[in-house]
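Enquirer: here is my input; please provide its structure:
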Amino acid sequence: MLFLLWILAVILVIAGIIQLFKRNILFGIALIIVGFLVGPGGVSIFNK
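Expert: Modelled structure (predicted):
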């Protein structure tokens, strides 16, 4: 499960960076923040 959360977080952050380059600033920032929240290295929303 931890590995899947890590993969999901990486995909979200990469998608956010791509959106920033496409000048979709708000959506890109939102994806990056969600990626950090989901990621096991950060403040995971799936922890207690």
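
Enquirer: distance of the residue most central in space within the chain relative to I14?
Expert: The structure's the chain has its C-alpha centroid closest to G35; by Cα atoms, centre = their mean the separation is 1.4 Å. Here G35 is placed at a distance of 8 Å from I14 (Cβ to Cβ, to the nearest Å). Just so you know, the C-beta spots here come from the backbone N, C-alpha and C atoms, and that holds for glycine as well.

Enquirer: about what we covered before: and the host helix or strand of the residue nearest to the centre of the chain, what's buried?
Expert: Element membership for G35, per DSSP states H and E: helix 25-38. For helix 25-38, burial by neighbour count (16 or more other Cβ atoms under 10 Å) applies to G28, L31, I32, V34, G35, F36, V38.

Enquirer: kindly report the same for stretch 1-15.
Expert: By 16+ other Cβ under 10 Å, the buried positions in stretch 1-15 come out as L5, A9, L12, V13, A15.

Enquirer: now the buried residues of helix 25-38 as TSV including pLDDT?
Expert: Formatted as TSV, the buried residues of helix 25-38 follow (pLDDT from 0 to 100):
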residue	pLDDT
G28	93
L31	94
I32	92
V34	90
G35	89
F36	86
V38	83
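
Enquirer: closest one to M1 out of those residues, please.
Expert: V38 (11.8 Å; Cβ to Cβ).

Enquirer: contacts for stretch 19-29?
Expert: With contact meaning Cβ atoms under 8 Å, 6 or more residues apart in numbering, stretch 19-29 is reached by G16, I17, I18, L31.
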